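> Give me a 3D structure for the following:
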Amino acid sequence: MAFYSNEIIQQLKAHADIAMVIENFVPLKRSGNGRYLGVCPFHDDRSPSMNVNPSLGIYKCFACGAGGDVFKFVQEHEKMDFKGAVEWVANFTGFALPQLGAPEDSEKTEERAMVRRLNELACEWFEQQLALSPKALQYLSSRHITDETRKLFHIGYAPDGREGFIGYAVKNGFSPLDCVKAGLAVQKENGGISDKFRDRLMIAIQNLSGVIVAFGGRDLSENKDFKRAKYMNSPESALYHKSDILYGLHQSRQSIAKERSVIIVEGYFDMISLFQGGVTNVVAASGTALTETHASILARYAEKAYLVFDGDEAGRTATYRSLQIVLPKGIAPRIFALSRPDGTKIDPDNFVNERGADAFREALKGSEDWLSYLMRLSDMQSPEERAKLVNFTKSLVKSIPDHELRNQYVKLISERFNTDRSLAQVKPLKPQKSFEERRAHSNAPTANNATDEVIPQLEQETSLNWASLPPMEIRFANLVLRNPTLMNRALEYFDMDWAASGIRMFESPVIEEFVNSAIALYAETGAMSPQMLYDNVSPTLRLFLEGLPEEQWKTPQEIIEFYQTLTEFSKKLCDRQKHSIPLTSNEAVEVRMQMSKFTQGMQKLNALFNAEKITIDAFADQVVRSKAQLIHFQSVIQGATPIQEAVAMPTPSAASAPKPVAEPAPAPSEAPAPSAMHVQNVMQAPIAQPVTSAPQQAPDEYVDEQMPNDEPPEGFEPPPPEDDEEYSYGNDDFNEESNDFEYQ
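Numbers count the residues shown, from 1 in each chain. Here you go, the predicted model:
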């Protein structure tokens, strides 16, 4: 039987607002953490027991255990099979499903997959070309865009050549016509094909799941004789429908859900500069006016929208249009215009670069409510214009589905305009279909659901003992989940060498599974989607994701906390490794002394950074390099490296191992240190579980150990004490006198 592809199902799930769907069956009340509560319809619920989480796209009843995604809810509530639920949700949310069984269906599916692969290839090529273009790099520098921001938003450069990308695509197995279908090339009337984007700064456009669906190109040409469009966007394709995409929402939706508000700007760089400056609840409606689909998506996360458009005629038209779009979705709009101290208008990009993010937030407090904005721009002295404004505002209000909110606005309009509170003669600007009409249209009987009653089935009961999870590990997991920008850093640390070693960094198997799953998903898709992660993990990990608190970090605090937490985990891991080596020989004692020295080095490294004696980049680099020693210790534990060989390894030369960063040991004689292993950054594979016996549990709080506390066997001669040579982690020299890193 023909059925919709998994790609279509995932697109529909990302498109649908589960809270909006469920609210048509059960009244929901928004809770303080961005979620919703309602009475569960699947048991005799006397008080709200059902929790709806739009961010993860799930519902869960904590009384009877019913739960699942948006399709599961419709299946169980409406007694439908899965196919009927998919079609019901698509119809309700206005999502166009492909026609099942149509001859072109498989071709369209293949074309979408091809366009996706080609976009990923183009993004890779554009980023490579950026590094080769001083002009493009200088332009980014002039706009104060950092390297980290450039990588986060996949900014690249398309050189000024007719077939630069086409040639690259052909070498990688695509045809020129494939490039045309993807919107990356244009075909002329004579049949010739050339690159669409030439001499342009390229900005990748991602959908909600992080998939690159299109590009925006900013003109960098210096030819004044031929005027080109300043910005050029990809045309619509099998993968890209501009009315469905808000630029930057993939990066900002967690912050929007946290703040319960969204800032809507016009341009790419308005959004990018604000995000880089720390104002992260921002999206851009670049290349298109705000649409109903945009507003429906934003309504999942935000209660308030700040409209930041230009003050010219085009900006006012966009603002009027946006009011008609967001108000019916239950979003309270506020209008906001920026200016310099001398009164001249300024866009958000320049404002945040000139005055900073804090000044932007302060200016945001002066935004107008939508009624005040309309009154300010209208001729309030003319009865005709006044009546026109009253009718317009009442039409807007009648489009609001929330009855009480509608009443409050009517009362406000009555007070401000001295008019009656009736909406009886007013027509809404966008007539809304009733729920009954939508339901009747969606519930066309099918062969599978016409007669048989489907009884909701509860999944096997799963529990999670939160008290057994170390608080530091819970916070680290939340840090990674709420800050997708850390995923590249996580991939760098938990790489293939780490996976092959069999090390378990975390004491909790739940946290270990979370980190492994998140990294594997990111390595495969290039995106960190909470919904997709939730769909592909165990029931226990789903409970864990549901229970993580909403939290927000201000850049660069998330980066600092990421690496400082890794140093603490490294010390705890080394302590567990150390206690798994029995004291049966001189060599075993020596290895354990080396492990103690490693923990001292990590502590010293952290202290140097806290004292601001090394930069965050140097700190991060040393933390990543230090994992080579943990891998080496693990090989000793597993028997891959004999203890005698580990002790006999020569000390790295000055060319390959820097001066150390750990505290010197007090004794003068020299003892060999384990060699540093070169770690290359490769893509992460799922981390293998260790095959050794379970190590002893680490203590609740780490206690620094100068020497092993275990007593050696009777008659055992300990090795001579170590001299003052400290520990090193990589190819950076450390100068004890200056406390600086010297890069060779």
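> Tell me if Met202 really is in a strand.
Yes - under DSSP: H, G, I helix; E, B strand; the rest coil, Met202 sits within a strand.
> That one and Ala214 touch, don't they?
No - at 10.7 Å, Met202 does not count as touching Ala214 under the criterion of CB atoms under 8 Å. For the C-beta atoms, the positions are set from N, CA and C on the backbone; glycine is no exception.
> The two: which has the busier surroundings?
Ala214 (26 against 23; other CB atoms under 10 Å).
> contacting residues for Tyr4?
Contact partners of Tyr4, counting by CB atoms under 8 Å, 6 or more residues apart in numbering, are Lys83, Val86, Leu97, Pro98, Leu100.
> ok, Phe619 - contacts?
Phe619 sits in contact with Tyr563, Leu605, Leu608, Phe609, where contact means CB under 8 Å, 6+ apart.
> Does the third one touch Ile614 like I think?
So that's Leu608. Yes - here Leu608 reaches Ile614: they are 5.0 Å apart, a contact under CB under 8 Å.
> residue nearest the centroid of this protein?
Nearest to the mean C-alpha position of the chain, counting by CA atoms, centre = their mean, stands Pro484 at 3.7 Å.
> Assign the nearest residue to it once chain neighbours are set aside to helix, strand or coil.
Closest residue to Pro484 apart from its sequence neighbours, by CB to CB, 6 or more residues apart in numbering: Met528 at 3.9 Å. Of the three states, Met528 takes coil under three-state DSSP.
> just checking, Met528 touches Ala490?
No - using CB under 8 Å, Met528 is not in contact with Ala490, being 9.5 Å away.
> what touches both of these two?
Common neighbours of Met528 and Ala490 (CB under 8 Å, 6+ apart) are Ala518, Tyr522.
> Can you list the low-confidence ranges for the stretch 501-650 of the chain?
640-650 (pLDDT under 70).
> Helices along that one, start to end?
509-525, 530-535, 539-547, 557-579, 586-610, 616-638, 643-648 (DSSP state H, counting those that start in this stretch).
> Make JSON lines out of those helices and add distance to Gly38.
As requested, the helices of the stretch 501-650 of the chain are exported to JSON lines (distance: least, CB to CB, whole Å):
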{"stretch": "helix 509-525", "distance to Gly38": "28"}
{"stretch": "helix 530-535", "distance to Gly38": "20"}
{"stretch": "helix 539-547", "distance to Gly38": "16"}
{"stretch": "helix 557-579", "distance to Gly38": "33"}
{"stretch": "helix 586-610", "distance to Gly38": "46"}
{"stretch": "helix 616-638", "distance to Gly38": "44"}
{"stretch": "helix 643-648", "distance to Gly38": "60"}
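> nearest to Trp466, of those?
Checking these against Trp466 by CB to CB gives helix 539-547 as the closest, at 6.8 Å.
> Now do the helices in the stretch 251-400 of the chain.
Counting by DSSP H, counting those that start in this stretch, the stretch 251-400 of the chain has helices at residues 268-277, 292-298, 313-326, 348-355, 357-364, 370-377, 383-398.
> What helices and strands are in contact with the fourth one?
Other helices and strands packing on helix 348-355, by 3 or more CB pairs under 8 Å, 6 or more residues apart in numbering; DSSP states H and E, are helix 268-277, helix 357-364.
> Just send these back as JSON lines, with mean pLDDT too.
Output for the helices and strands packed on helix 348-355, formatted as JSON lines (pLDDT from 0 to 100):
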{"stretch": "helix 268-277", "mean pLDDT": "93"}
{"stretch": "helix 357-364", "mean pLDDT": "90"}
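> just to revisit the earlier point, any idea how far the residue nearest to Pro484 lies from Leu140?
Distance of Met528 to Leu140, given as CB to CB, to the nearest Å: 24 Å.
> more crowded one of the two?
Met528 (25 against 19).
> Stretch 135-151 - what's its average pLDDT?
Mean pLDDT, stretch 135-151: 94.
> who touches it?
127, 129-131, 155, 157, 201, 220, 269, 272-273, 275-276, 349, 353, 485, 488.
> can you list the weak-confidence ranges in this structure?
In the chain, residues with pLDDT under 70: 1-2, 32-34, 101-106, 224-225, 287, 311-312, 429-462, 640-744.
> Okay, domains of the chain per the record?
According to automatic domain parsing, the chain comprises the domains 6-93, 105-240, 249-355, 473-690.
> quick one: terminal-to-terminal distance for the third one?
What it means is domain 249-355. This stretch, domain 249-355, spans 24 Å end to end (CA to CA, to the nearest Å).
> Next secondary structure after the lengthiest helix in the chain?
Assignment by DSSP state H gives helix 105-131 as the longest helix of the chain. The helix or strand immediately downstream of helix 105-131 is helix 134-142, counting by DSSP states H and E.
> Quick check: buried residues in the helix or strand following that following helix?
Once the chain leaves helix 134-142, the next helix or strand it forms, by DSSP H and E, is helix 147-152. Using 16 or more other CB atoms under 10 Å as the test for burial, helix 147-152 gives Thr149, Arg150, Leu152.
> ok so, going back, the contacts of Tyr4: which two are farthest apart?
Lys83 and Pro98 (13.2 Å).
> And the two? Which one has more around it.
A direct count of neighbours by other CB under 10 Å for Lys83 and Pro98 places Lys83 higher, at 18 against 15.
> picking up where we left off before, if any of the contacts of stretch 135-151 are buried, give me the ChimeraX selection for them.
To isolate the buried ones among those in ChimeraX, judged by 16+ other CB under 10 Å, type:
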select :127,129,130,155,157,201,220,269,272,273,275,276,349,353,485
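> Report whether Pro98 is found in a strand, as I expect.
No - secondary structure assignment (three-state DSSP) places Pro98 in coil, not in a strand.
> was I right about it contacting Ile8?
Yes - in this structure Pro98 lies within contact range of Ile8 using CB under 8 Å: 6.6 Å.
> how far away is the residue nearest to the centre of the chain from Leu491?
Distance of Pro484 to Leu491, given as CB to CB: 12 Å.
> before we move on, what about Leu548?
Leu548 is 21 Å from Leu491, by CB to CB.
> Over to Arg253?
Arg253 sits 22 Å away from Leu491, going by CB to CB.
> Looking at the two, which one has more neighbours?
Using other CB under 10 Å, the more surrounded residue of Arg253 and Leu491 is Arg253, with 26 against 16.
> Give me the spatial nearest neighbour of that one, chain neighbours excluded.
That would be Tyr301: by CB to CB, 6+ apart, it lies 5.8 Å from Arg253.
> How about the backbone phi and psi for Phe215?
With angles defined as degrees, to the nearest 10, Phe215 sits at phi -140, psi 150.
> Then the one 3 residues further on?
Note on Arg218: backbone dihedrals following degrees, to the nearest 10 are phi -100, psi 120.
> Surely it is in contact with Tyr268?
Yes - with contact defined as CB under 8 Å, Arg218 reaches Tyr268; the gap is 7.5 Å.
> Give me the common contacts of these two.
Contacts common to Arg218 and Tyr268, judged by CB under 8 Å, 6+ apart, are Ile203, Tyr231.
> about what we covered before: please report how far the residue nearest to Arg253 lies from Leu364.
Taking CB to CB, one finds Tyr301 at 18 Å from Leu364.
> isn't Asn281 right next to Ser261, touching?
Yes - taking CB under 8 Å as the definition, Asn281 is a contact partner of Ser261 at 6.1 Å.
> Tell me the spacing between Met378 and Glu385.
Just so we're on the same page, residue 378 is Ser rather than Met. Relative to Glu385, and taking CB to CB, Ser378 is found at 6 Å.
> When those two are compared, which one has more neighbours?
For Ser378 versus Glu385, neighbours defined as other CB under 10 Å are more numerous around Ser378 (16 against 12).
> count of residues packed around the residue lying closest to the more buried one once chain neighbours are set aside?
Leaving aside its chain neighbours, Ser378 sits nearest to Leu389 (4.8 Å; criterion: CB to CB, 6+ apart). By other CB under 10 Å, the residues close to Leu389 number 20.
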